[in-house]
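> take this sequence and fold it.
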Amino acid sequence: MEQGLRVAAAVSEARQWDRLMELAKIGAIPGDGVNRQALTALDRAARRLAIGWAEAAGATVTVDEAANLWFRLEGRDPSAAPVITGSHMDSQPAGGRFDGIYGVVAGLEVLSALRDSGVTLERPLEVVAWTNEEGSRFSPGCMGSMAWAGTKPVSAFAEIADAEGVTFGAALAEHLQAEADLPRRPLGGKAHAYIEAHIEQGPTLESEGLAIGIVTGIQGSRWFTVTITGASAHAGTTPVSLRRDALQAAMRAIAALNALTADPTDVLRFTVGSFLAEPGSSNSVAGRVRFTIDLRHPDDALLMEKGNAITALVQEAAYPCTAEIEERFTAAPLSFDTGILDGIEQATQALGLSSLRMPSGAFHDAQLVARAVPSAMIFVPSRDGISHNPAEFTSSSQLAAGTRALAAALVRQAA
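Numbers count the residues shown, from 1 in each chain. Below you'll find the predicted structure:
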């Protein structure tokens, strides 16, 4: 623990904050927000900043075929499986300055702190920026970490298109060509441990006055797209009794889904995040409606039960319209490695930081990485629990505390 505390002491609150604010200028939107989509020129500009900081800390830079960006600091035993930390650099369209990018900058700060402290680790330490975690340009999210962990090959995402019709495959090829000067590394590989630092994106730590969340696991997710087809008709001449109104059918379906997912304990999460009615004219009956479902719960059996009931329920509620339900993404609930969690807790105690073991309600790359590598996460507080919003905020001192806990935990794993 002594070496971990030396590295933690070398963490610079000011340097880390300055880097975060510099990155926040790339894709800045009004209200201190950020719109920096994956595999865009803005994404590449942010990556170049990070590359400069990593190289200044003595790290080598590589990129894999999924465009995951890697910074590696060698240890005394270069052949040893590395310890990995990191997160993502893309944002929501109206996102904040800390979601995802904090985990990458925290990893870079640990590299700088290792240089400044003079500590050399036994194992290599790698910092990674995963590709397309948010899924806001190409859905689903976490494509880079899925490909690295072997959950899906990169080719599985090739034909997925963004709102402008650009496919993931085309955007990836353009991106890799723009980074052709960076050495290429194989996708995947062995690792000793993975620890991801992230803002909480919820109110628990702030409300309880705690510095660190020791994340025990991530609840499961099931994402669906519902397409309800009726018949477009004239709003003034078509009797209501003869209509096949897709919008009214969608409203009935959502009401039925609200009843299905009602939970007095408020643990089950059901969200309709996107809703599109066509033809979208004020004097026409909607002929088609498409909406999304995001269903989450930490218990796999309940998640399966509720998710499996969706198709029949929506089809019945939508009659006389027809309904097609496509499940786009599934991730089972996950528990993180208890040994790494214990190490994080010991690090927080040694640093005098208050902490709480807690689950994550949000989805993270760590959920995919953990299927291949022993993993865990560290949370820092989010003001008012706000995230995916320009108002997202965590203070420089809170971020530095999280990075010190991360540094001590990483050194423990790499010793």
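
> now do the same for the spatially most central residue of the chain: its pLDDT.
Central residue of the chain (Cα atoms, centre = their mean): H364, 3.8 Å from the mean position. We have a pLDDT of 94 for H364.

> residues contacting it?
Residues counted as contacts of H364 (Cβ atoms under 8 Å, 6 or more residues apart in numbering) are S87, E133, C142, E196, H198, I218, M377. Backbone N, C-alpha and C define where each C-beta goes, glycine included.

> can I get those in CSV with neighbour count and pLDDT?
Output for those, formatted as CSV (neighbours: other Cβ atoms under 10 Å; pLDDT from 0 to 100):
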residue, neighbour count, pLDDT
S87, 27, 98
E133, 25, 98
C142, 27, 94
E196, 31, 98
H198, 28, 98
I218, 26, 92
M377, 29, 98
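
> take the residues you listed and keep only those in strands.
Of the contacts of H364, the ones assigned to strands by DSSP state E are S87, E196, H198, I218, M377.

> what stretches of this protein score poorly on pLDDT?
Applying pLDDT under 70 to the chain flags no residue at all.

> report back the residue of it that's furthest from centre.
Going by Cα atoms, centre = their mean, the residue of the chain most distant from its centre is T237, 48.3 Å out.

> and the contacts of H364, which is closest to E13?
For the contacts of H364, the minimum distance to E13 (Cβ to Cβ) is 17.9 Å, reached by H198.

> and that closest one, bridged to which residues?
On the basis of DSSP bridges, H198 is bridged to F379.

> helices along the stretch 301-415 of the chain, start to end?
Using DSSP state H, counting those that start in this stretch, the helices of the stretch 301-415 of the chain run over 310-318, 338-351, 365-369, 396-414.

> any chance you could map the helices in the stretch 101-250 of the chain?
Counting by DSSP H, counting those that start in this stretch, the stretch 101-250 of the chain has helices at residues 101-117, 143-149, 168-178, 204-208, 246-260.

> can I get those in a markdown table with distance to F393 and mean neighbour count?
Below are the helices of the stretch 101-250 of the chain laid out as a markdown table (distance: least, Cβ to Cβ, whole Å; neighbours: other Cβ atoms under 10 Å):
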| stretch | distance to F393 | mean neighbour count |
| --- | --- | --- |
| helix 101-117 | 11 | 26 |
| helix 143-149 | 26 | 27 |
| helix 168-178 | 30 | 17 |
| helix 204-208 | 10 | 16 |
| helix 246-260 | 32 | 19 |
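
> could I get those helices as TSV with distance to V63?
Output for those, formatted as TSV (distance: least, Cβ to Cβ, whole Å):
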stretch	distance to V63
helix 101-117	14
helix 143-149	11
helix 168-178	7
helix 204-208	34
helix 246-260	41
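
> do you know which of those lies nearest L399?
helix 101-117 (6.2 Å).

> and the angle for that closest one with helix 396-414?
What separates the directions of helix 101-117 and helix 396-414 is an angle of 70 degrees, with axes from the mean of the first three to the mean of the last three Cα atoms, to 10 degrees.

> which strands and helices sit next to helix 101-117?
When contacts are defined as 3 or more Cβ pairs under 8 Å, 6 or more residues apart in numbering; DSSP states H and E, helix 101-117 packs onto helix 2-9, helix 13-24, helix 41-56, strand 69-73, strand 83-88, strand 125-130, strand 193-199, helix 396-414.

> tell me which of these lies nearest to W148.
strand 125-130 (7.5 Å).

> other residues contacting that closest one?
47, 50, 54, 59, 68-73, 75, 82-89, 104, 107-108, 110-111, 114, 142, 144-145, 148, 191, 365, 410, 414.

> returning to that earlier point: of the helices and strands packed on helix 101-117, which is nearest D300?
Among those, the nearest to D300 by Cβ to Cβ is strand 193-199 (21.9 Å).

> outside of that closest one, which residues touch it?
83-87, 98-100, 102-103, 106-107, 337, 340, 344, 364-366, 369-370, 373-382, 387, 392, 394, 402-403, 406, 409-410, 413.

> hmm, 7 Å instead?
83-87, 98-99, 102-103, 106, 340, 364-366, 369, 373-380, 382, 387, 394, 402-403, 406, 409-410, 413 (Cβ atoms under 7 Å, 6 or more residues apart in numbering).

> swap in stretch 291-307?
219-226, 250, 260-261, 267-275, 310, 332-333, 359, 361.

> show me how far it is from its chain's centre.
The chain centroid and the centroid of stretch 291-307 are separated by 18 Å under Cα atoms, centre = their mean, to the nearest Å.

> send the alpha carbons of that stretch over as PDB?
Provided in PDB are the C-alpha atoms of stretch 291-307 (Å, rounded to 0.1, in the frame of the first residue of the first chain):
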ATOM      1  CA  PHE A 291     -40.600   3.900 -30.000                       C
ATOM      2  CA  THR A 292     -37.800   2.400 -27.900                       C
ATOM      3  CA  ILE A 293     -37.900   0.600 -24.600                       C
ATOM      4  CA  ASP A 294     -35.100   0.500 -22.000                       C
ATOM      5  CA  LEU A 295     -35.700  -2.100 -19.300                       C
ATOM      6  CA  ARG A 296     -33.300  -2.500 -16.400                       C
ATOM      7  CA  HIS A 297     -33.200  -4.500 -13.100                       C
ATOM      8  CA  PRO A 298     -30.400  -6.200 -11.000                       C
ATOM      9  CA  ASP A 299     -32.200  -9.500 -10.800                       C
ATOM     10  CA  ASP A 300     -31.900 -11.500 -14.000                       C
ATOM     11  CA  ALA A 301     -35.000 -13.700 -13.400                       C
ATOM     12  CA  LEU A 302     -37.200 -10.700 -13.000                       C
ATOM     13  CA  LEU A 303     -35.600  -8.900 -16.000                       C
ATOM     14  CA  MET A 304     -36.200 -12.000 -18.200                       C
ATOM     15  CA  GLU A 305     -39.800 -12.300 -16.900                       C
ATOM     16  CA  LYS A 306     -40.800  -8.700 -17.600                       C
ATOM     17  CA  GLY A 307     -38.900  -8.500 -20.900                       C
END
